[in-house]
Structures are given as C-alpha cells and as structure tokens.
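*Asks:* Predicted model and sequence follow; I will ask about them next.
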Amino acid sequence: MRKVFTLTLLLILILTISAQANEINIGSCIYRFNDAFMLRFRNAMTEQSDKLGAKITMADGQDDQTTQDAQIDEFISNGVNVLIVNPVDRMASQAIIDKAKAANIPVVFINREPTPEMLASYEKAYYVGAKAEESGTQSGELIATYFKTHPEADKNHDGKLQFILLKGQNGHQDMILRSKYSVEAIKNAGIEPVEIASAIANWDKLQAMNIMNAFAMSIGPENIEAVIANNDEMALGAVEALKANDYNKGDKDLYIPVVGVDANASALEAMDKGEMLGTVLNDSDNQGAAAVKLAVALANGSDINSTGYEITDGKYIWIPYQKVTRGENK
Ligand code: GAL
Ligand code: CA
C-alpha cells in the first residue's frame, strides 16, 4: 500500500516537472505601460500566449532605458526562454541583443525598430511591426482627399494646404517617417503643403492639447487648414484644444480636419461624432499575435515559417496599416 502511494507521488512529481519543462516562459519588456496603443498591444500578446499555453511576464520600462536594461538582466537571470522587447530607446537595442546572444535566448523586437545592422548581429533577433512610411502615406492621403473634395477647406483660397504637424517621441521611426511621408503624400496628390507650425508632443494627449491651444492662440484657428498628428492620442489632444476654441463641434464653418494613427477606440468615437477626420489602423491584434507566435516557435526551436506570417528578409514580420474613415471623406 505504502509503496503504491510513493510510486503515485513520484509519478505526479515527474509529470509536473515535465509539464513545467514544456511550458514556454516569455519575458516581455514594454517601453511604458501607460500608452494607449501599447495597452492594446499587451492585451493581444496576453491573449495569444493564453491560446498557445505559454506564460508571458511583462515589465514596465517606465520610459527609462536604464530601468528596462535592469529588467532584461532579470528576465535573463530568471531563465526565460525568449524575450519580446519594445525598447525605450531603439538605438539602445544593440546592448539588449548582445545580452540575449550571450545567453543564447532569442529576442523579438516590437513597435520600435532596431537598425538592420543590429538585427544582423544575432541570428536569433527579429522584428515584428508595421511600416512607418505606410502609415504616414495613408494619413497624408486622408487629408489630401478631404482637401480635394471640400473646396471650403482651403480657408485662405491660395490653393495650398496650411497644416500643423504634431510629432511623437524624438528618434522613433514612427515619428520620423510618419512626419515625412504624410507631407509627401499631400504633395503626390498635387497639393502644395505649407507647414505653419510643428512640435513634438511625445505621443501624449495632454502635451498635444497644450501645444495646440498655444498654436490656436498665436496662429488663429481660422488660419489652420489641417492638423496631422503622428498618433491618435495627440490628434485627440488637438481636437480638445480646437473644441475649446469652438471648432470641430458640429458647425461646418468652424472645422479643421484632424488625422491620427492607431485607430484607438477613443479616436473612432471622436470620428463618429465628427470631431476628427480619420485615422490609420495600427493593427495591434495581428502584431501582438505574430510576436508571440514567433517567440514561441523560436523558443521551441520549431520552423518560424509555421507562424502563418510571412518572414521578410529572414528577420521581419510586417503587418499592414489600413485607412479608417467615416463617410465624410468620400
Ligand atoms: C506607435 C503608436 C503610438 C505609440 C508608439 C509607442 O506605433 O502609433 O501611439 O504607441 O508606437 O512606441
Ligand atoms: Ca490654403
């Protein structure tokens, strides 16, 4: 009797150990938890990890690279099987890659792109994201289409488009390329863009609102023909400032088209109310799912082409952007 009992215990122990050995542990570093788009991204990663039976632990870098570096060290010393990293400073990714390589742990970067040279320095380093220039082009196209189909949008009747640009954090590929390609798209549509003011608002709604309030005061809202924001939170901050100036509240004569990127729920709501012209879907569901599927395949040493996502140049999974408007932009 006693022997059977011991044997059963032993069997249970063995089963538990082997189950634990098979469970993939993902350590994920996020640049900052308090970011509307990254919240969507985190939820998508949690959901996909649950589906695959993997364990994901996330750390809040609090927008500080030193804090994040310590979190990377901790994940590595805790023996995670794979890392998913959203670097605070994408130019600091080399140090992260070097650490992962030394520990022979695969690393999947998300949302903030390391340079191709950095990715090339470790065969187990990858990037999952969306092409920044694509989102810039699409947001510029939204404005250009509106300008062409609404002659009254050219408030000073000079045939040119006087716009304000609200930019994300300095050095971020989405800040650099969205800014560049949105303006480029307006030009390509045959409209001459004139930047009347621009400022960095760090992806942040409140900062954008304060900046836009100051611009409305110094420039006069009647002289602004469009607001192009690198993301929805800043677009929404601009909308708040315009509303405080009695713009974008339903009166057609007091309206400035505002575009963002992400397609956050709050932006879609503002679009439904006619306060914001449009946005570009930054597909967090697919980016989050792809990152976790790739991470788990890498940790298991299985074929990364089995994720169902195309691997480009052996290093990248690119998720497409998509324009989002409500009827008014026809
Ligand atoms: C961008 C997104 C922004 C912000 C940023 C963080 O892709 O559009 O809203 O979340 O990433 O890195
Ligand atoms: Ca004009």
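*Replies:* Cool, got the structure. Residues are numbered from 1 along each chain as shown. Ligands and ions are numbered 1, 2, ... in the order given.
*Asks:* what ranges do the helices span in the chain?
*Replies:* Ranges of helices in the chain, per DSSP state H, are 2-22, 36-52, 65-77, 93-102, 116-120, 132-149, 173-188, 205-219, 232-244, 265-272, 284-300.
*Asks:* These: which one's closest to ligand 2?
*Replies:* Nearest to ligand 2, of all these, is helix 132-149, at 8.7 Å by Cβ to the ion. Just so you know, the C-beta spots here come from the backbone N, C-alpha and C atoms, and that holds for glycine as well.
*Asks:* Kindly reformat the helices of the chain as a markdown table containing mean pLDDT and mean neighbour count.
*Replies:* Below are the helices of the chain laid out as a markdown table (pLDDT from 0 to 100; neighbours: other Cβ atoms under 10 Å):
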| stretch | mean pLDDT | mean neighbour count |
| --- | --- | --- |
| helix 2-22 | 57 | 9 |
| helix 36-52 | 98 | 18 |
| helix 65-77 | 98 | 17 |
| helix 93-102 | 98 | 18 |
| helix 116-120 | 98 | 15 |
| helix 132-149 | 98 | 22 |
| helix 173-188 | 98 | 21 |
| helix 205-219 | 98 | 19 |
| helix 232-244 | 98 | 26 |
| helix 265-272 | 98 | 18 |
| helix 284-300 | 98 | 23 |
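*Asks:* mind checking which of the ones you listed is nearest ligand 1?
*Replies:* Closest of the helices of the chain to ligand 1 is helix 36-52, at 3.3 Å (criterion: Cβ to the nearest ligand atom).
*Asks:* so what secondary structure elements neighbour that closest one?
*Replies:* Secondary-structure packing of helix 36-52 (3 or more Cβ pairs under 8 Å, 6 or more residues apart in numbering; DSSP states H and E): strand 25-30, strand 55-60, helix 232-244, helix 284-300.
*Asks:* For the residue nearest the centre of the chain, give me its contacts.
*Replies:* Taking Cα atoms, centre = their mean, the centroid of the chain lies closest to residue 111, which sits 5.1 Å from it. Residues counted as contacts of residue 111 (Cβ atoms under 8 Å, 6 or more residues apart in numbering) are 31, 38, 41, 86, 129, 287.
*Asks:* how near is the residue in the stretch 201-330 of the chain positioned nearest to ligand 2 to residue 191?
*Replies:* Closest to ligand 2 within the stretch 201-330 of the chain is residue 225: 5.2 Å, counting by Cβ to the ion. Distance of residue 225 to residue 191, given as Cβ to Cβ, to the nearest Å: 10 Å.
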